[in-house]
Each structure stands twice: as C-alpha cells, then as structure tokens.
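Participant: Whatever this is, show me its structure:
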Amino acid sequence: MVLTKEEEAFINRKHELTLKLRNEYLKQSSNPFRHATGEGGTVFDAGLARFQSMRVSNYQHFRPTGHSFRMGLFAVVLPIVAYAWALKSERDGREEKYRTGQVAYKDRQFKFI
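Facilitator: Numbering: from 1, shown residues only. As a prediction, the model looks like this:
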C-alpha cells in the first residue's frame, strides 16, 4: 500500500495530536495535588461532556418527521401488532379444534385436571 505525501502528512499530524493529548492526560491524571485545585480525581474530557449533554438533551431537540414516524411504526408498533395477531390466530385455531372435538381432552396442552 503506497501512501501519498498528503496522506502521510495527515497520519503524522494525527499521530502527533494523539501523543500530545495522551501526554496531557497522563500529566493531569498523575498530578498528586489535583485535589487542591478543586477539580476532583477525574480528568475533565470535553468530548465526553459534549456526548453526555447530547444524550441528555436528545429529546429536547427531537423533531417528529415522516422518517421518525416510520421508524417508530416499523420498529415498535408493527412487531407488536403482528405478534398479537399471530397469538390470536393460533389460539383461535386451537380453540376451534377443541370445540369441534378434533382434539381429545386427554391430548390437550392446557387442561384443568
């Protein structure tokens, strides 16, 4: 695999940034006097804070669209309705066999005695 000069420069910049962030994290996390600054024992991560605030405020920024309606319909409502229909039709068929005498009482799955 041959890299162009632009791709190699990009990879080098990304590696340098990763090393810089790693060294900063190690410096802050191993500081024994961190409690004196009032920050507590954890290192503040801006990306994690943004992610958590996005997860919390997700419903505040929700806009109902046709796509979200279809997703809710096909992911939630339709499976429940299909499962209920399958249960009802199977039970009705079994009940019909019981009522017409096609299945003897001793062969039934659920009986009182």
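Participant: ok, the nearest residue to Tyr105 once chain neighbours are set aside to Leu78 distance?
Facilitator: Spatial nearest neighbour of Tyr105, chain neighbours left out: Lys111 (6.3 Å); criterion: Cβ to Cβ, 6 or more residues apart in numbering. C-beta coordinates here come from the backbone N, C-alpha and C atoms, glycine included. Plainly put, Lys111 is 35 Å away from Leu78 if you go by Cβ to Cβ, to the nearest Å.
Participant: So if I had to pick from these two, which one is more boxed in?
Facilitator: Leu78 (12 against 9; other Cβ atoms under 10 Å).
Participant: Surely the residue nearest to Tyr105 and Ala104 touch.
Facilitator: No: using Cβ atoms under 8 Å, Lys111 is not in contact with Ala104; the gap is 10.4 Å.
Participant: what helix or strand does the most centrally placed residue in the chain sit in?
Facilitator: Centroid-nearest residue in the chain, with Cα atoms, centre = their mean: Arg55, separated by 11.3 Å. Assigned by DSSP states H and E, Arg55 belongs to helix 46-56.
Participant: Now tell me what touches the helix or strand just after that helix from outside.
Facilitator: The element immediately downstream of helix 46-56 (helix or strand, assigned by DSSP H and E) is helix 66-72. Outside helix 66-72, the residues that touch it by Cβ atoms under 8 Å, 6 or more residues apart in numbering are Phe62.
Participant: Thank you, goodbye.
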